[in-house]
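K.L.:
next input, structure requested:
(chains A, B, C and D)
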2 protein chains.
Amino acid sequence: MDTTKATTAFAALSQPTRLDVFRLLVQAGKTGLLAGEIGEKLNVRQNTMSANLLVMLNAGLIRKTREGRGIRYFADMPAMADLIGFMLKDCCGGNVDECKPFLEQVACKC
Amino acid sequence: MDTTKATTAFAALSQPTRLDVFRLLVQAGKTGLLAGEIGEKLNVRQNTMSANLLVMLNAGLIRKTREGRGIRYFADMPAMADLIGFMLKDCCGGNVDECKPFLEQVACKC
DNA sequence: TCCATATATCATGAATTATTGATATAATGA
DNA sequence: TCATTATATCAATAATTCATGATATATGGA
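P.N.:
Numbering: from 1, shown residues only, chains lettered A, B, ... in the order given. Below you'll find the predicted structure:
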């Protein structure tokens, strides 16, 4: 992870449709979603959705596999973890006590 | 946290100077940094830095307090935790086993 | 091979964002 | 009050991004 990759990823998340797509895919887990399903759920036109999925692919936030005529998309969770790690590197001035409340707040609830 | 707030925050992090500023402030912890110190460290002109700091303030990622003639900036860690929580809500389809490796990777190392 | 379905690409105009020079405001000290 | 330091705001141009209509490509089935 470097600044260029990170800013590209954040730019991909800075548009409402794309953020919604990412959150849907995070919630879908390993099952993923077909491109068409995503467009339908979010009520976004086909070519607009395709363009937005491409932005997220290029940003490394999602992956895809062909499935028959369709294409199934997945959130790339390791990439997301890497991004968060980059952003929070050496956080809180290395002070564990200062950091603890933050960690508790960010912990996943699933 | 909602989609609008989140996309605004990600947009603020999608520019190299601003991402560098945020990471510096994360590392500075409660000590924070003066606006001038930030500009000097990152070699960014005064008005450009001021404009970028304003974007981050409006995005809710940083806070400021006046200190004599200077202004001291801090990363808003609770806001960051909130943002990460929003992005990862109901992750991995609610499957804890699927989620575990991700959580281990994202855990803070400080 | 021909058709239907699913997704991607292209070109374009509209809107947004970034940087900069110039200038303004705020706080301090003489 | 005047000068200095620190930061913010303004106006303008340049660059980037967005959604869309039209069209192209890929897969599967008849």
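
K.L.:
near DNA strand D, which residues of chain A show up?
P.N.:
Proximity of chain A to DNA strand D, by Cβ under 7 Å from any atom of the strand, involves residues A:11, A:14-15, A:17, A:44-45, A:47-48, A:51-52, A:55, A:66, A:68-69. C-beta: built from backbone N, CA, C; applies to glycine.

K.L.:
go with 6 Å
P.N.:
A:A11, A:Q15, A:T17, A:R45, A:N47, A:T48, A:A51, A:N52, A:V55, A:R66, A:G68, A:R69 (Cβ under 6 Å from any atom of the strand).

K.L.:
below-threshold pLDDT in chain A: ranges please.
P.N.:
Under the criterion pLDDT under 70, the flagged ranges of chain A are A:103-110.

K.L.:
and the residue lying farthest from the centre of it, how far from B:A75?
P.N.:
In chain A, the greatest distance from the average C-alpha position (Cα atoms, centre = their mean) is reached by A:D97, at 29.5 Å. Between A:D97 and B:A75 the computed distance is 17 Å (Cβ to Cβ, to the nearest Å).

K.L.:
does A:T65 count as helix, strand or coil?
P.N.:
Judged by DSSP: H, G, I helix; E, B strand; the rest coil, the three-state class of A:T65 is strand.

K.L.:
so which helix or strand takes in the residue farthest from the centre of chain A?
P.N.:
Using DSSP states H and E, the element containing A:D97 is helix A:96-106.

K.L.:
who's the closest spatial neighbour of the residue of chain A found nearest DNA strand C, skipping the chain neighbours?
P.N.:
Per Cβ to the nearest atom of the strand, A:G36 is where chain A lies closest to DNA strand C, at 2.6 Å. Counting by Cβ to Cβ, 6 or more residues apart in numbering or on different chains, A:G36 lies nearest to A:G70, which is 6.3 Å off, once chain neighbours are set aside.
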